[in-house]
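Peer 1: Sequence plus the predicted model coming up.
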Amino acid sequence: MTHKLSKITLAMLSATALYMPSLVHAQETTAEVEAADDYEVIQVSGIRSSLTSALLEKRETSNLVEIIQAEDIGKLPDQNLAEVLENVTGIQITRTAGVGTGVQIRGTNANRTEINGVSTVGSGSGRSGINFEDVSAGIISAVEVTKASQAKTIEGSVGGTINLRTIRPLQLSETLASVRVQAETSSLSTDGATPRLSGTYGDNWELDAGKFGVVISGSYSEQDVTAFRPRTDRDNSVASDSGAASAQAFDYLPIQFFVQDYDNYEYETVNIAATVEWAPNDNTKLFFDAVINDQERRQESSRIQASGISGLKDIAAPTEFDTVNFGSLDGVDLGSIQAAVQGVIPLDEDGSDGNLRFSGDTNSRITKSEVFRIGGEWQGDNLSVTVEAASSSSDTTTPSFNTTLNFINPNSPLDYDALLANHFANEANGNEDLYDSNENGTPFEYDLTGGSLAFGIASDAEYGPSSTDLLNPENVVLRDVAIGQNVAENSEDAFRIDFSYFLDSVITSVDFGYRFSKTTSLQDTITTSVGLRELADSPTGDLFSELLVPGPTNFNAADGRDLYVRDFLLINPELVANDPDGVLDILNDAIVANNAITGSTRGPISSPTSSSSGFFDIEEKTNALYAQANFEYEMIRGNFGLRYLETDVSSLGNSITQDADGNDLVSQVTTKGDYDFLLPRINIVADVSDDLVIRAGLGKDIRRPDFDNLSTSVTFSTSPNPPVAIGNPNLTPEEVTSFDLSVEWYFAEASVLSVGYFHKKRSDLFVSQQVDAYEDPTTGYRDLTDPCEDGGIFNPIADINVFGPDTGVGVCVPTSTTVNDTAETTQKGIEFAVQYDLAGFEDDLGWASGFGVIFNYTIQEFSGGEAVNTATSRANTVFGLTTGDEDINVTAVQGLIDLSENAYNFTLYYEKYGLSARARYTWREAYRSTDFGSTSSLPWGFPVVQEDRGQLNASVSYDVNDKLNIGLEAVNITESDVKQSCINEGGLLCYQGLTDRRITFGANYRF
């Protein structure tokens, strides 16, 4: 008993090669097509073919699924898989330096990623699976997103499950062979074009032993991605009645910190996907899949920091101000205040502040991911059986060699000679009365008007350094070195067996099965770091000049700004990447040479070693059973069932105590736990008419905590700003109950109009609980001794910086812990989509019948929860000025990170006469984000707001003949920048991301 397909649906089916997951269903559909002889066959290819076949597959599913199919082999709509998914209704993405890296389905990052139905694992400690930048779109034939789960769907997703599908060889009707050659350029890169190569071969043969098929796809790509990210912190205050020299007739926000962040990532990625299938007879099929990904992402970034200027707020009077309206948080009106937007920051009286620092960041990532699947299918008269064993793994090392140089301004009253003389005087007197730090003062100027966070060195101001001064190795000293070789090893081994028993009744079949999985995550922090704070300990750049190179000079390439730091020195990132041991040897030789000059006893920088406090090894074993009944009666079809799971967790970590002499005693401790869940799921589809479909789904799922959130291991940073993450082994999985209702009208060929509503109730939501270290509201100082009675944790290697009266290391810093929210939260929204193709109007429109449009719009909201973010002590001081309440303590219930309440995509495409063109504009409304520049610290205590942003992508290709196609693709055509505001949308601008335009051109040849 099966529902009949309409003429439009049959026409769509006849024109496309459709992947059908059920052999029986495929046979029934084929019979219906052969029986229908009164419909018009629409000949489609390229964009139109992929859209048509994807619509048909969506139309026939028994639950809510979104599908994108490749136009041709290796030709999904975008080069990047995250950007491919951005085409789907209800999906938004986040980017790193302009490249899509994160996917939010219905406003949440808590999703799963599979390849051919096999769970994948990521390169870090998260649960969402493989990184999207690690997989080339060139080896993927289709992407499906399951929004409403069935009982057979593997648990672990809140928003949806993403399945990346590769080509199945036994479905090929002819030999497949194609090669694609491309090159990509970036508007901000200085390295020229980078190559992209991909190819696919597939075929099947009828042999005496049955039908045998093979497909192998491979790709090689290089990518150079650059973004400029200026940041300004203004989370301090100067009150009108403060008596400071810089005071005005009104309260205002002075400059607290500047960063000129230049991000550069060089990707080299190799992907291989291979499938072998053998059908010895009509009832049996055996298969083996392998997907192997190798990626090296080399970072060669730099940061210019204007630090120590917070201590100059009482003397650095701005020359221009803007009014900042803070809006309200949780119903509390925070008022408004003036903020500095233009001025010069001079040296302080003795010439010690503010400080100019040059940092080189090479936090690279080398990842090898493998997904293997082997199994078989058997189809009897009434019973089918599928058996499968799968293994996913991801082994990652993150080699890093980060350095910071302090610029010693030769024009400051406290120049190098004066600082060194102070050192010798302190040594002679046996005290530290005189300032002998390895940093001194440099004047800065800034102009934040017009929404541009621009600052530079005030070379024309008193004591201002020249370009020659800034590029002289003698004027820089070594401040920080942090070297790492961190290791992350993640894996999941799984076995599953699935049965389907077919019935000739309203219950058309019953599915039931069992799945066992073992998931492991090992993290080993292998680091060394040294922080040099006294001039006597810090070698000058002339002692390691062979390592120094000028930094990038094109920070104005994105927006043409005049004010930025043009001249600075870095330790050569190419040398760091290619010969880190050699660089370390040179720096240690420089320390020895410096000790001979200054009399310092500074020891060498050691090689990285494993950190006992940064290690964990977690193992989870899950047994899952499911039973699902599939039904169909007249116009109603669907399924209902239960999924039951039991999970045992074993966590191995290090316990660190001390003996009587203060030496660390490390012992391994294993913690065990378990939990179980029963997850009911039901999906109902009503084929109201030939082309009108109504769907409803109700189901329950869970989301397990990330592995690092379970570990109590602790890793410290040399910076006093970012919170120290402390795990919580008592976390329990989130629970989510989802309801979906949608209406789909397939009103014309390759066309659909749909409206959907979703509602998700979440309990035990994972939220971050940050405890800030107390800061004196007058001095800004923190506690410098362990323990930190007033909040935070003592970090023995963090730079004291402005948080104490003296230089050095060891200061209380914030902590961040993930906890389960004690109250329920709700996500709900409406998804609207329309796809309309004019191909059926060729007689009326002629050439214009090649046009088509795709549009989708998502409205969603998040509510509930009890966990709150709390303003920092400095922020509360500011809010005391804006509200008149000196005792105010501002809090705000945590929202859902990366959720945009409104988002839409609009695509216009044209396909005719061998020409294929597409333009897509994507827009998403402002959302809360924890991605704040190059640091995880949030200066006001609240996630920042990433402002509204739209992006235009386009592509065009032409079929030179039946085999050769040439094309051009452009990403971020208008170079739309990123803006982030602190506190609230449209409030205090604190960060920008100036992104690049990427253009890819090349050719595809099909043999």
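Peer 2: Everything's here; your move. Numbers count the residues shown, from 1 in each chain.
Peer 1: What helix or strand is Arg496 located in?
Peer 2: When secondary structure is defined by DSSP states H and E, Arg496 falls within strand 476-502.
Peer 1: May I see the buried residues of that strand?
Peer 2: 476-494, 496, 498-500, 502 (16 or more other Cβ atoms under 10 Å). Yep, even glycine has a C-beta here, placed from its N, CA and C like the rest.
Peer 1: Surely Gly986 and Glu947 touch.
Peer 2: Yes - contact criterion Cβ atoms under 8 Å: Gly986 and Glu947 qualify, at 7.3 Å.
Peer 1: Which of those two has more residues huddled nearby?
Peer 2: Glu947 (19 against 15; other Cβ atoms under 10 Å).
Peer 1: Find the residue closest to Pro465 in space, skipping its chain neighbours.
Peer 2: In space, and not counting its chain neighbours, Pro465 is closest to Asn409: 5.2 Å by Cβ to Cβ, 6 or more residues apart in numbering.
Peer 1: Tell me who's in contact with that neighbour.
Peer 2: Taking Cβ atoms under 8 Å, 6 or more residues apart in numbering as the contact definition, Asn409 lies against 356, 415, 440-442, 463, 465, 469, 475.
Peer 1: Dump the residues you listed to a markdown table, plus secondary structure and distance to Ser738.
Peer 2: Output for those, formatted as a markdown table (DSSP: H, G, I helix; E, B strand; the rest coil; distance: Cβ to Cβ, whole Å):
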| residue | secondary structure | distance to Ser738 |
| --- | --- | --- |
| Leu356 | strand | 53 |
| Asp415 | coil | 66 |
| Asn440 | coil | 59 |
| Gly441 | coil | 58 |
| Thr442 | coil | 56 |
| Tyr463 | coil | 63 |
| Pro465 | coil | 60 |
| Asp469 | helix | 62 |
| Asn475 | helix | 61 |
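Peer 1: okay, the residues you listed in JSON lines with neighbour count, pLDDT and distance to Leu569 next?
Peer 2: As requested, the contacts of Asn409 are exported to JSON lines (neighbours: other Cβ atoms under 10 Å; pLDDT from 0 to 100; distance: Cβ to Cβ, whole Å):
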{"residue": "Leu356", "neighbour count": "28", "pLDDT": "97", "distance to Leu569": "11"}
{"residue": "Asp415", "neighbour count": "17", "pLDDT": "96", "distance to Leu569": "18"}
{"residue": "Asn440", "neighbour count": "30", "pLDDT": "96", "distance to Leu569": "16"}
{"residue": "Gly441", "neighbour count": "27", "pLDDT": "96", "distance to Leu569": "18"}
{"residue": "Thr442", "neighbour count": "32", "pLDDT": "97", "distance to Leu569": "14"}
{"residue": "Tyr463", "neighbour count": "19", "pLDDT": "96", "distance to Leu569": "20"}
{"residue": "Pro465", "neighbour count": "24", "pLDDT": "97", "distance to Leu569": "12"}
{"residue": "Asp469", "neighbour count": "19", "pLDDT": "98", "distance to Leu569": "11"}
{"residue": "Asn475", "neighbour count": "23", "pLDDT": "98", "distance to Leu569": "9"}
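Peer 1: for Trp940, what are its contacts?
Peer 2: Going by Cβ under 8 Å, 6+ apart, the list of residues near Trp940 reads 235, 871-872, 875, 982-983.
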